[in-house]
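1. Have a look at this fold, sequence not included:
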């Protein structure tokens, strides 16, 4: 396939020491997340076997994005983004420590687990929004795909090959150990966030040239003959940081608005499918609890491969073509899990689905970072995630109800629905490169 008309979206220049620190902070945070991602459902299974009750855990993980996604985005644009990341990880440390205490004293209940899941999610909204908003301030635009690929690859590697297997072993040894180790990871992540350079504190705003500074009057300013107009940085710094500004921008941007709704529809299908994953492997395929983490290695390999090859596929095919192909492949992978009657075939299908999801996430993240102005990146990302993730609690609960009929049914319904949406949105996906070029 020729690459003549594919825009150059990545370079081989070093990402720099500042990005390395952000990447390391992300690793520490994801280590704690990965441990909790398996430990919390296992704790829930120790308290109940009801598929709907288990699905509530997954639903509650998304509720904070519905309630706090936009405020977290405003926070990321209003305050020092390094402090925002430290704050979010600090909140999660306190929750993990409190959860450890209730387990150790034999006071854990399903309702306490639900509450902990909610607060964990609040911390996640703050950290994720700030982390994604920091990337454009630390790396050049041509390196967005590489930076996002490395962050996601690290997340997947830690979650699936380190955190999840460790969590299963720790849980088997003593059910309190996963939350203790997770709390430690959040402390490390907070410290590393505070060690980021000053450049990470705010959005990078291109300085106006001397010629444009003499002729351009920025909105909301006035000039006096003989005086230079204020700089772009000065206007952005004193402009009010409101969620409404981000809402107006997103609603007025036809491509981003459409992509938000399409992503929400596909995310609904994926969440529907994944609602009963733990029970599917434990009860349907008869996998021991301690082996769940090891079993998900196959899924992690697919996701890691998708993250690592995404920049190369982007260079060859363009972001739009990759996004379409990745969503279609991911949807077919989930459908394969539901149709499979064999454990290893189901794991392989799940790995294919994970490959598609990971390969999609890299260019979609870069597209948003390239299009959305840096000073409102946190808010717009928060709004997009509020819409996308806000539909997921309904999806996971629906998946739980379907799971009462058959644990494979959520994968079949969710996979089919996502395939249909992916095909219907093919033209929108393929327009992504042109939208980035337009700015």
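-> The structure has been received and is ready for your questions. Values in this document were obtained by computation on a predicted structure and should not be read as measured data. Numbers count the residues shown, from 1 in each chain.

2. CA atoms for contacts and neighbours, from now on please.
-> OK.

3. quick one, what contacts residue 41?
-> Applying Cα atoms under 8 Å, 6 or more residues apart in numbering, we find residue 41 in contact with 54, 57, 278.

4. The last one and residue 52: what is the separation?
-> For residue 278, the distance to residue 52 under the criterion Cα to Cα, to the nearest Å works out to 12 Å.

5. what's the closest of the contacts of residue 41 to residue 356?
-> Residue 356 has its nearest neighbour among the contacts of residue 41 in residue 278, at 20.7 Å by Cα to Cα.

6. Next up, the contacts around the closest one.
-> Shown in contact with residue 278 (Cα under 8 Å, 6+ apart): residue 41.

7. What strand or helix carries it?
-> Per DSSP states H and E, residue 278 falls inside helix 277-279.

8. before we move on, what about residue 387?
-> If you go by DSSP H and E, residue 387 is part of helix 377-390.

9. Past that helix, which element shows up next along the chain?
-> Helix 377-390 is succeeded, C-terminally, by helix 392-405 (DSSP H and E).

10. That following helix: what's the following helix or strand?
-> Toward the C-terminus from helix 392-405 - assigned by DSSP H and E - lies helix 409-424.

11. That next one to helix 392-405, inter-axis angle?
-> Counting by axes from the mean of the first three to the mean of the last three Cα atoms, to 10 degrees, helix 409-424 lies at 130 degrees to helix 392-405.

12. Tell me which residue is most central in the protein.
-> residue 128 (6.8 Å; Cα atoms, centre = their mean).

13. ok, so what distance separates that residue from residue 412?
-> Distance, residue 128 to residue 412, by Cα to Cα: 30 Å.

14. residue contacts, residue 76?
-> Going by Cα under 8 Å, 6+ apart, residue 76 touches 84, 126, 129, 130, 133, 378, 379.

15. Mind picking the two most distant members of those residues?
-> Longest span within the contacts of residue 76, Cα to Cα: 84 and 379, 13.3 Å.

16. Which of these two has more residues huddled nearby?
-> Between residue 84 and residue 379, counted using other Cα atoms under 10 Å, residue 379 has the larger neighbour count: 33 against 27.

17. so what's the residue nearest to that one when sequence neighbours are not counted up against?
-> For residue 379, ignoring the flanking residues on the chain, the nearest one in space by Cα to Cα, 6 or more residues apart in numbering is residue 73 at 3.9 Å. Counting by Cα under 8 Å, 6+ apart, residue 73 touches 126, 129, 130, 243, 377, 378, 379, 380, 381, 382, 383.

18. Which pLDDT value goes with residue 215?
-> Note on residue 215: pLDDT of 35.

19. likewise residue 88?
-> Predicted confidence (pLDDT) for residue 88: 94.

20. Relative to residue 276, how far out is it?
-> 28 Å.

21. if you count what's nearby, which of these two comes out ahead?
-> More crowded of residue 88 and residue 276, by other Cα under 10 Å: residue 276, with 30 against 24.

22. circling back: need the contacts of residue 76 in a markdown table (columns: pLDDT and secondary structure).
-> Shown next, in a markdown table, are the contacts of residue 76 (pLDDT from 0 to 100; DSSP: H, G, I helix; E, B strand; the rest coil):
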| residue | pLDDT | secondary structure |
| --- | --- | --- |
| 84 | 92 | helix |
| 126 | 92 | helix |
| 129 | 87 | helix |
| 130 | 90 | helix |
| 133 | 87 | helix |
| 378 | 87 | helix |
| 379 | 89 | helix |
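
23. can you list the residues you listed in a markdown table and add distance to residue 28?
-> As requested, the contacts of residue 76 are exported to a markdown table (distance: Cα to Cα, whole Å):
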| residue | distance to residue 28 |
| --- | --- |
| 84 | 16 |
| 126 | 16 |
| 129 | 17 |
| 130 | 15 |
| 133 | 18 |
| 378 | 22 |
| 379 | 25 |
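
24. Specify which member of these is nearest to residue 433.
-> Nearest to residue 433 among the contacts of residue 76: residue 133, at 20.7 Å, using Cα to Cα.

25. now the stretch 151-300 of the chain, which segments are flagged as low pLDDT?
-> Judged by pLDDT under 70, the stretch 151-300 of the chain has its weakly predicted residues at 160, 203-241, 289-296.

26. one step back: which residues sit in contact with the residue nearest to the centre of the chain?
-> For residue 128, the contacting residues are residue 85, by Cα under 8 Å, 6+ apart.

27. please begin residue numbering at 27 from this point
-> Okay, residue one is now 27; in that scheme the one you just asked about reads as residue 154.

28. can you give me phi and psi for it?
-> phi -60, psi -40 (degrees, to the nearest 10).

29. if I look at it, how far off is residue 181?
-> 12 Å.

30. do residue 101 as well
-> Distance, residue 101 to residue 181, by Cα to Cα: 23 Å.

31. Looking at these two, which is more packed in?
-> Ranked by neighbour count (other Cα under 10 Å), residue 101 and residue 181 place residue 181 first, with 25 against 22.

32. Apart from its neighbours in sequence, what residue is nearest the more buried one?
-> Spatial nearest neighbour of residue 181, excluding adjacent residues (Cα to Cα, 6+ apart): residue 56 at 5.7 Å.

33. quick one: pLDDT of the nearest residue to residue 268 once chain neighbours are set aside?
-> Sequence neighbours aside, residue 100 is the residue nearest to residue 268 in space, at 6.6 Å (criterion: Cα to Cα, 6+ apart). For residue 100, the model assigns a pLDDT of 89.
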